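Participant: sequence and computational prediction follow.
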Amino acid sequence: MLAGFRDFIAKGNAIDLAVGVVIGSAFTALVNALVEKLIMPLVAAIFGKPDFDAVGNFTINGADFSLGAVLTAIVNFLLVAIALYFFIVLPFNKLRDVQAKHKAANAPEAAADTRTELDVLKEIQAALAEQQGGATSKGAHSA
């Protein structure tokens, strides 16, 4: 039972996922601080309120609706998504493209091999026939 768990944890995907969750959590805290301490005060300076929580609040039959809180959450989400894209996804994709170009530039050019699988199999068959002492390649088998 523990061996199965150890094998699961040892796989790269589980470790990569764990690292991603930790980094994502730390990055979210960073972006939230940016939003709360820099962007929302800017919103407060422009609109006179520190966030959108008080905007669009209404009550129907004793049920309170807060559209402003939803709007604040949407703004926070969009800012986190934009920050993730520009600071994580975009640089990672650029790095991957540069590495692929570097790898392609340094890799020896593959010879224009136009042989088919059948051609390769015929070559193997001929080589085996030579090893067997010149037997024909027409299905001669030795027991």
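Facilitator: Structure's in. What do you need? Numbering: from 1, shown residues only.
Participant: only C-alpha atoms for contact and neighbour calcs from this point on.
Facilitator: Noted.
Participant: which stretches of the chain have low pLDDT?
Facilitator: 1, 8-9, 12, 108-113, 134-143 (pLDDT under 70).
Participant: Asn106 and Val55, how far apart?
Facilitator: 58 Å (C-alpha to C-alpha, to the nearest Å).
Participant: so those two - more neighbours on which side?
Facilitator: Neighbour count, other C-alpha atoms under 10 Å: between Asn106 and Val55, Val55 has more, with 15 against 9.
Participant: that one - that's part of a strand, no?
Facilitator: No: applying DSSP: H, G, I helix; E, B strand; the rest coil, one finds Val55 to be coil, outside a strand.
Participant: just checking, it touches Val70?
Facilitator: No: taking C-alpha atoms under 8 Å as the definition, Val55 is not a contact partner of Val70, at 9.8 Å.
Participant: what distance do you get for Val80 to Ser25?
Facilitator: 11 Å.
Participant: of these two, who's got more company?
Facilitator: Val80 (19 against 12).
Participant: element containing that one, please.
Facilitator: helix 67-84 (DSSP states H and E).
Participant: quick one: buried residues of whichever helix in the chain runs longest?
Facilitator: If you go by DSSP state H, the chain has its longest helix at helix 12-34. In terms of neighbour count (16 or more other C-alpha atoms under 10 Å), helix 12-34 has its buried residues at Phe27, Thr28, Val31, Asn32.
Participant: I'd like these written out as a markdown table, with distance to Asp7 added.
Facilitator: Shown next, in a markdown table, are the buried residues of helix 12-34 (distance: C-alpha to C-alpha, whole Å):
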| residue | distance to Asp7 |
| --- | --- |
| Phe27 | 29 |
| Thr28 | 30 |
| Val31 | 35 |
| Asn32 | 36 |
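Participant: ok, these vs Thr114, which is closest?
Facilitator: Comparing the buried residues of helix 12-34 against Thr114 with C-alpha to C-alpha places Phe27 closest, at 49.9 Å.
Participant: who's in contact with the closest one?
Facilitator: The contact partners of Phe27, by C-alpha atoms under 8 Å, 6 or more residues apart in numbering, come to none.
Participant: number the chain from 43, please
Facilitator: Okay, residue one is now 43; in that scheme the one you just asked about reads as Phe69.
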